[in-house]
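> With the sequence up front, the predicted model follows.
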Amino acid sequence: MTPEMFFDYLAVHINSQKAGDAKSVFNIDLGNDGGKYKLELENGVQNHTANAEAKDADATITLNRDTLNKIILKEVTLKHAQESGDVKITGDGARLDAMLDYMDKFEFWFNIVTL
């Protein structure tokens, strides 16, 4: 999964009603293998921009692509990766926690079409 696909996946999980008044900006640094991204949450919508950094970001999350893959595959949680030093969060980590709290969890099996 590319970083862009992962950020799109996260955006789908944002509960727009919960996040309606939230406004946050994050820099994501995936190192030489993954690039840099700017994530913005505003008006209940999360967007990302490749090869961009916000000068006024609320927080910067630094990790390598291998660690991101482990998080995507649920081999490790973000918190565990942070505790082990594989993820570094600088700035206002509470803003990141708040964004994660705005995310809905979907059941694996769900109806695509209902009558």
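That came in fine, so what should we check first?
> show me the residues around Lys88 that make contact.
Contact analysis of Lys88 by Cβ atoms under 8 Å, 6 or more residues apart in numbering lists Ile61, Thr62, Leu63, Gln82. Yep, even glycine has a C-beta here, placed from its N, CA and C like the rest.
> again, but for Thr90
Taking Cβ under 8 Å, 6+ apart, we find Thr90 in contact with Ala59, Thr60, Thr62.
> pretty sure the second one contacts Val25?
No - under the contact definition of Cβ atoms under 8 Å, Thr60 does not touch Val25, with a separation of 10.1 Å.
> picking up where we left off before, most widely separated two among the contacts of Lys88?
Spatially, the most separated pair among the contacts of Lys88 is Thr62 and Gln82, at 10.4 Å (Cβ to Cβ).
> tell me, what's touching the two both at once?
Common neighbours of Thr62 and Gln82 (criterion: Cβ under 8 Å, 6+ apart): Lys88, Ile89.
> Glu83: how many residues sit nearby?
Using other Cβ atoms under 10 Å, the number of residues around Glu83 comes to 11.
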